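Visitor: sequence and predicted structure are below.
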Amino acid sequence: MSTLTIVIVSVFILGYLCIALESVLKINKAAIALFMFVICWTFYMVNPMPYLIASGYTGGEEGMLAHIRHIIESHLGETAETLFFLMGAMTIVEIVDSNGGFNFVRNALRTTSKRKLMWRMAFLTFILSAILDNLTTSIVMIMLLHKLVSNHNDRLVYASMIIIAANSGGAFSPIGDVTTIMLWIGNMITTGGVIKEIFIPSLISMVVPVFILQYMLKGELVYPKEKVDEEGHELSQSQRQILFVIGVGGLIFVPVFRYLTDLPPFMGILLILSILWIVTEIFYSGVQVKQGTFANRVSKVLSRIDLPTIMFFLGILMAVGCLSEIGVLTALGQSLDKMSGGNHYLVTGVIGVLSSIVDNVPLVAGCMKMYPIAAMGDFAVDGIFWQLLAYCAGVGGSMLIIGSAAGVVVMGIEKITFGWYMKKISWIVFVGYIAGMFSYYLIRTYLS
């Protein structure tokens, strides 16, 4: 490993520690992530040619800058897709929520028992994340949580449960997580294979932590007071139901849109957002409201998007992109394979732990490039390695709150600190993670 590589990795580690100590340093994690991202790429530019040659670049120094610009734009494009998807999904959910679209779901979940509510929300989150995706599901469930739980300390526990259930639910579905989508499109796993083999381990990885978390809740629920509509006007029940169907139904349609058009998922999200926006304006057209048209209200919804969380996402993903370009992630995967002696449970288990530290997308992408699909054995289609990778990369991201897109979003909305989550929740997630892996071992050994 070159000196420059060591410097870049050290910058990332130092930045990561500062993010972890956000509550102590009193510096917003988004600022640290952005600084880390720019500094990593700045050091990369000190001597980029060795990295370019290692990645297969055959041009000379004349075309080097243009090629680097293309690399950065490529990483930025992939990151922007995630960010626009996130912003679109958050806006859709907020529009539906602000107009009472989730009221009947909230009413169905209502109970005076905190523990019963946790189990109901856990299973709903688990199922939705397999149909939608873990990111969108987390946003929907957090919005519902705000209507059901008023105590902030209790909400932290429920929010942690949502992260766990969303990531576990996304792990057994080919469209539930970015990494499973990658493996599915790359023909490493099939829809039937991953559901058949990973469903039970994913369910166990959710049930075990929720069973432990429920004992952190005491007493009965006190529901938050209903908010009065800012504009002094409420839509009819049928109009609310229409908004719910367009919003949530549209989110479910996004994977279908992607399949039919081969366009990126964020374009499907923006299509649904535009349709929802048009319909809500039609509903409010001709209605006299106190503070202007509904277009202004939608602008308010857009202004409520948590921009620091978006900036944090940008910084983290772009910094990880730099680590990917200098070959650190691929080298790490190769080292793990050698040290484990080919034990794929150990390799994927460690990758799952690492996915809670750095983004699981480049980790999975690196593994896909390292190991070609084999005709038979652990690396065959639906082989042990690929199915374990889908499980571990998805569920493992719950161990740290910044280890998954769902965790980052919930962290921003609920203002959960890294330290609180690591102290209270991480060990609980790890117990469920190991339990799920053990169940997979039993299934593959004795039932397959």
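Guide: Received it, and whenever you're ready, just let me know what you need.
Visitor: could you point out which element follows the helix or strand hosting L34?
Guide: In this assignment (DSSP states H and E), L34 forms part of helix 29-44. Next helix or strand after helix 29-44 toward the C-terminus (DSSP H and E): helix 49-54.
Visitor: other SSEs contacting that next one?
Guide: Contacts defined by 3 or more C-beta pairs under 8 Å, 6 or more residues apart in numbering; DSSP states H and E place helix 49-54 against helix 64-98. C-beta: built from backbone N, CA, C; applies to glycine.
Visitor: any buried residues in the helix it packs on, and which?
Guide: 68, 71-72, 75, 78-79, 82-98 (16 or more other C-beta atoms under 10 Å).
Visitor: tell me the angle it makes with helix 29-44.
Guide: If you take axes from the mean of the first three to the mean of the last three C-alpha atoms, to 10 degrees, helix 64-98 sits at 170 degrees to helix 29-44.
Visitor: what's the first helix or strand after helix 64-98?
Guide: Moving toward the C-terminus from helix 64-98, the next helix or strand (DSSP H and E) is helix 103-109.
Visitor: how far off centre is that next one?
Guide: 25 Å (C-alpha atoms, centre = their mean, to the nearest Å).
Visitor: now do stretch 148-159
Guide: Here stretch 148-159 shows a centroid-to-chain-centroid distance of 20 Å under the convention C-alpha atoms, centre = their mean.
Visitor: now it: average pLDDT?
Guide: Averaged over stretch 148-159, pLDDT sits at 90.
Visitor: if we can go back for a sec, by contact count, what packs against the helix holding L34?
Guide: Contacts defined by 3+ C-beta pairs under 8 Å, 6+ apart place helix 29-44 against helix 3-20, helix 307-325.
Visitor: pick out the shakiest of these, pLDDT-wise.
Guide: helix 307-325 (a mean of 83).
Visitor: related to what we said a few turns ago, okay, angle between the helix holding L34 and helix 3-20 too, please.
Guide: Going by the same axes, to 10 degrees, helix 29-44 makes 180 degrees with helix 3-20.
Visitor: most packed of the helices and strands packed on helix 29-44?
Guide: helix 307-325 (a mean of 22; mean count of other C-beta atoms under 10 Å).
Visitor: N99 and M143, how far apart?
Guide: According to C-beta to C-beta, to the nearest Å, N99 stands 12 Å off from M143.
Visitor: looking at these two, which one has more neighbours?
Guide: N99 (25 against 20; other C-beta atoms under 10 Å).
Visitor: so who does T191 touch?
Guide: Contact partners of T191, counting by C-beta atoms under 8 Å, 6 or more residues apart in numbering, are 174, 184.
Visitor: between the helices and strands packed on helix 29-44, which one is nearest to V429?
Guide: V429 lies closest to helix 3-20 among the helices and strands packed on helix 29-44, at 16.1 Å (C-beta to C-beta).
Visitor: residues contacting that closest one, please?
Guide: 25, 27, 29, 32-33, 35-36, 39-40, 43-44, 46-47, 319, 322-323, 326-328, 357, 402, 418-419, 422.
Visitor: give me the angle between that helix and helix 307-325.
Guide: Going by the same axes, to 10 degrees, helix 3-20 makes 150 degrees with helix 307-325.
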